[in-house]
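[1] got a predicted structure here, sequence first:
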Amino acid sequence: MEIQILDKVFVPYILEEEIQTRLQTVAKQMMQDLGGETPVFTGVLNGSFMVLSDLMKYYENPCEISFVKMASYEGTQSTNEVKQLIGLDVDVTDKTVVIVEDIVDTGNTIEVLEQLFNRYKIKGLRIATLFFKPEAYTKQIKMDYVGFEITNKFIVGYGLDYNKQGRNLPAIYQIK
Ligand code: IMP
Ligand code: MG
């Protein structure tokens, strides 16, 4: 069934059950890769609140969980925007950090996140994203865990918003 959010119409794209099934598979893979250590799963707010919450229910080994937000402030010159990481409330020293993103589109965000996390003395960095748009991606960084590769069309739901709305939808809808 079509839904309307503000001025746009969206059609069903990925069902709630498909997301959950995929998350179980990804969590199993993560347990095989990281089961011998205590990784720090770090969700990037706001979009990843739902995926990290559900993913962690399927990850049955010791782990720590944190959320961060990317913030930007103006640098010394008003034209240079400096990105910073706020909210990281666990000690990541010598630990594997798994960044959990809702979606990787151009890759700009993930590139900055990688630079910011590599300032810490971490053991390693892995990147997980529920959705990936290969046609839009412009970076070289490889993702370790991808839920779904999708076409380059705007989607909403399951944490992703259209003009702040639609994050609460349990399934994914694609712009009509
Ligand atoms: P980036 O282009 O990879 O840096 O992605 C930047 C941000 O754009 C993501 O974290 C999302 O918040 C947002 N975004 C990209 N594609 C979509 C989409 O299809 N729906 C909703 N938000 C999106
Ligand atoms: Mg995001």
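    Nice, thanks for sending it over. No experiment lies behind these values; they were computed from the predicted model shown. Ligands and ions are numbered 1, 2, ... in the order given.

[2] which strand in this structure has the most residues?
    Secondary structure of the chain per DSSP state E: the longest strand is strand 64-74.

[3] residues of this structure that sit close to ligand 2?
    Neighbours of ligand 2 within the chain, by Cβ under 5 Å from the ion: 47, 102. Any C-beta I mention is one placed from the backbone N, CA and C, and that applies to glycine too.

[4] what residue in this structure comes nearest to ligand 2?
    Using Cβ to the ion, the single residue of the chain nearest to ligand 2 is Gly47, 3.6 Å away.

[5] distance of that residue relative to Met70?
    Distance from Gly47 to Met70, counting by Cβ to Cβ, to the nearest Å: 11 Å.

[6] neighbour count for the two, which is higher?
    Each of Gly47 and Met70 has its neighbours counted (other Cβ atoms under 10 Å); Gly47 has more, 21 against 15.

[7] confidence score at the more buried one?
    Among the per-residue scores, Gly47 shows a pLDDT of 97.

[8] now do the SS call for it.
    The three-state assignment at Gly47 reads coil, by DSSP: H, G, I helix; E, B strand; the rest coil.

[9] give me the neighbour count for the nearest residue to Phe154 once chain neighbours are set aside.
    Sequence neighbours aside, Ile175 is the residue nearest to Phe154 in space, at 4.3 Å (criterion: Cβ to Cβ, 6 or more residues apart in numbering). Neighbour count for Ile175, taken as other Cβ under 10 Å: 14.

[10] what of Gln32?
    Gln32 has 10 neighbouring residues, counting by other Cβ under 10 Å.

[11] shift numbering so it begins at 42
    Sure, I'll start numbering at 42, so the last one becomes Gln73.

[12] would you mind measuring from it to Gly165?
    Counting by Cβ to Cβ, the gap between Gln73 and Gly165 amounts to 16 Å.

[13] now Leu47
    Leu47 is 41 Å from Gly165, where distance means Cβ to Cβ.

[14] who has more neighbours, these two?
    Gly165 (13 against 9).

[15] and the gap between the more buried one and Glu78?
    Gly165 is 9 Å from Glu78, by Cβ to Cβ.

[16] mutual contacts of these two, please.
    Thr137 (Cβ atoms under 8 Å, 6 or more residues apart in numbering).

[17] give the partner strands of the longest strand of the chain in its sheet and their orientations.
    Sheet pairing of strand 105-115 (DSSP bridges) gives strand 81-85 (parallel), strand 122-127 (antiparallel).

[18] residue ranges with poor pLDDT in this structure?
    Counting by pLDDT under 70, the chain shows low-confidence ranges at 116-120.

[19] the helices in it, which residues?
    Using DSSP state H, the helices found in the chain span residues 57-75, 90-99, 149-158.
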